[in-house]
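> model this:
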Amino acid sequence: MLFIDKVKIYIKAGNGGDGVTSFRREKYVPNGGPDGGDGGHGGNVILKIDDNINTLVDFRFGKHFNAQDGQKGEGKNCSGKQGQDLIIKVPRGTVVRDVKTNKVIVDMYGLENDEFLLLKGGFGGKGNQHFASSRRQAPMFSQSGQLTDEKEISLELKTIADVGLVGFPNVGKSTLLASVTDAKPKIANYHFTTLTPNLGVLKYFGQTCVIADIPGLIEGASEGVGLGHEFLRHIERTRLIVHIIDISGSEGRVPIEDFDAINKELKAYSQVLSNRPQIIVLNKTDMLSPDSENIKVFKQEIKKRAEYKDCKIVEISAFAHRGLDDLIKEIFAKLKDMPNIQALESEEFEFDARDTSSIEYKKLDNGVFEVRGGLVNELIRKIVLSDDDSLNYFQKRLKSDGIISQLKKLGMVEGDTIIMGEMEFEYQE
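Next up is the predicted model:
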C-alpha cells in the first residue's frame, strides 16, 4: 500500500436551509397567521480516529469534502431536515493545521471519544412565524439559511511509537526490527530500502512496546536534503531513541562521525527531539576483525561528548542475533519510568464559519460608510429588500445594536450611503 503522510484538503460544513414565508390556509380560517417553518441546520464536519488505518493515502485523490446542506423549511410550521454530518476518518496521531496560519487546530492523538468537531454547520434560517408581533401580524419575510465557507487544512501524520530506530541508511535498522518484533520490513543491501516507517511490537515477559523503523537519514535532512527529512516527524512522538551505528565501517564510513551527523540533524529539526533519551547500538559486530579497535575508539570518543557520555552502549549483531537480549532488557528498563509523550496543544484558533469578531466601521469617502464583520453578516441574512416589514425590522436592529450611533460618531448624516456586504442603501432619520 502506498504510504502518504502529509496532504492538504478542502472541507466545508453544510449550508443552513432557508426559512419559509407561509400563512395558515384552512377552509374556515380565512386570515390564518404565519406558519413558515425553519430551515434545517447544515451538517457538521467531524474528524474521527480510526486505528485500522495508518496512512493518509485515502486523501490522495479526493481533496474536497462537503457536509450535507440543511433542507428548506415548509408551511404548517414544519422545519426542514438537518443536513447529515460528514465524518472524516484519519489515523491516530494526525496533526490538523489551518493552511493560512499554520496553526494547530487539533492533534488527533489521545482525544476523548476519539473524535473532534472541526466545522459547525450553518444555522437554518427562521420561518416568518418568528417575526410576528402585535404590530406586525403578517410578516412577509423569512430568514435565509447561513452559508458556510470552504476551508483549507493540512493533515500531517506523526507515527505513534514508544521507540524510534534512527541511523544512516544500511546500518541494519530493518534487520534489527525484523529480529526482535513481528514486523516484516523489506531488507536488502542498498541504501533507502526502507521508504516508509515500519512498525513492530516488541514483547518481553508480558510487557510490550511499539518500535518504529524510521527511513535512513542523511546529512542535511533537517533542511530538506534527501528522503530523511520527510520522516523526521515520525520520531517526534517516540519516548526513546535507539541510535544504530554500523561499527564495522563496512562502507568506508567513520562510526563516530555518523553518530555526530545524525544527532546534528535531530537537533536542527527539534531541540526537544535532540534531548530525547538514547540507547547507542553498535551493530554489525560480526563483521569486525579480531584486531579491530573500532568499538574502543568509539567509546573513547563518546566520553568526550558530555551530553552523550552516560548513554548506554549495547553491542549487537542483528544479522547473527547476538546481543539482542541485552538490548531488549535495556529498552524496557529505560521505558519503565518514562512518561508518555503529550499531544500537541491546539493553538488559539477559532475555526468556525460564524463571524463573531467585532464590527468594523470605515469611512470610505464623503458621505459613504462601510460596516462589516461581527454580527453584520447574520443581520444581512434576515433582510428581504422588497418587503417593507423586513426593511423596518432591519432599521430597528441597526439602531438597537448600536450600529447607527457608531456611524454617527464617524460623521454620518441623513442622506449618506451605508454599505453592508452586497447591500448599499441611503440613511434616513
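
> OK, contacts around the most centrally placed residue in the chain?
Nearest to the mean C-alpha position of the chain, by C-alpha atoms, centre = their mean, lies residue 96 at 0.6 Å. Under the criterion of C-beta atoms under 8 Å, 6 or more residues apart in numbering, the neighbours of residue 96 are 47, 90, 104-108, 116, 118, 153-156. Backbone N, C-alpha and C define where each C-beta goes, glycine included.

> any idea what it is bridged to?
Judged by DSSP bridges, the bridge partners of residue 96 are residue 106, residue 155.

> model confidence for it, exactly?
Note on residue 96: pLDDT of 92.

> the nearest residue to residue 146 once chain neighbours are set aside and residue 80, how far apart?
With C-beta to C-beta, 6 or more residues apart in numbering as the criterion, residue 146 has its nearest non-adjacent residue at 3.4 Å, and that residue is residue 122. Distance of residue 122 to residue 80, computed by C-beta to C-beta, to the nearest Å: 12 Å.

> which residues are common contacts for these two?
The overlap between the contact sets of residue 122 and residue 80 (C-beta under 8 Å, 6+ apart) consists of residue 70.

> who has more neighbours, these two?
Under the criterion of other C-beta atoms under 10 Å, the comparison of residue 122 against residue 80 puts residue 122 first, with 30 against 25.

> in what helix or strand does the more buried one lie?
Per DSSP states H and E: residue 122 is located in neither a helix nor a strand.

> measure it to residue 167 for me?
When distances are taken as C-beta to C-beta, residue 122 and residue 167 turn out to be 51 Å apart.

> looking at the contacts of residue 96, spot the one nearest residue 340.
Compare each of the contacts of residue 96 with residue 340 using C-beta to C-beta and the shortest gap goes to residue 107, at 13.3 Å.

> that closest one contacts residue 95, doesn't it?
Yes: the pair residue 107 / residue 95 is scored as a contact, 5.2 Å apart, by C-beta atoms under 8 Å.

> before we move on, back to that, pLDDT value on the residue nearest to residue 146, please?
The pLDDT attached to residue 122 in the predicted structure is 88.

> you'd agree it is up against residue 67?
No: using C-beta under 8 Å, residue 122 is not in contact with residue 67, being 9.6 Å away.

> identify the contacts common to these two.
With the criterion set as C-beta under 8 Å, 6+ apart, the overlap between the contacts of residue 122 and residue 67 is 13-14, 42.

> most neighbours out of these, which is it?
Of all the shared contacts of residue 122 and residue 67, the most densely surrounded is residue 42 (33 neighbours; neighbours counted as other C-beta under 10 Å).

> who touches it in this structure?
If a contact means C-beta under 8 Å, 6+ apart, then residue 42 has 13-17, 67-70, 82-83, 121-124, 145-146, 148 as its contacts.

> still on that earlier bit, check contacts around the residue nearest to residue 146.
Taking C-beta under 8 Å, 6+ apart as the criterion, residue 122 is in contact with 13-16, 41-42, 69-70, 145-148, 353.

> residue contacts, residue 99?
Shown in contact with residue 99 (C-beta under 8 Å, 6+ apart): 8, 152-154.

> ok, so of these, who is nearest residue 394?
Distance to residue 394 across the contacts of residue 99 (C-beta to C-beta) is lowest for residue 152, with 33.6 Å.

> wait, the closest one sits on residue 12?
No: the pair residue 152 and residue 12 does not pass the contact test of C-beta under 8 Å, sitting 10.3 Å apart.

> which one's more surrounded, these two?
A direct count of neighbours by other C-beta under 10 Å for residue 152 and residue 12 places residue 12 higher, at 22 against 13.

> run through the bridge partners of the more buried one.
Once the bridges are assigned, which here means DSSP bridges, residue 12 pairs with residue 66.

> just give me the neighbour total for the closest residue to residue 40 other than its chain neighbours.
Excluding the flanking residues, the one nearest residue 40 by C-beta to C-beta, 6+ apart is residue 70, at 3.3 Å. Other residues near residue 70 come to 30 when the count uses other C-beta under 10 Å.

> can you tell me how far residue 70 is from residue 10?
If you measure residue 70 against residue 10 using C-beta to C-beta, the figure is 20 Å.
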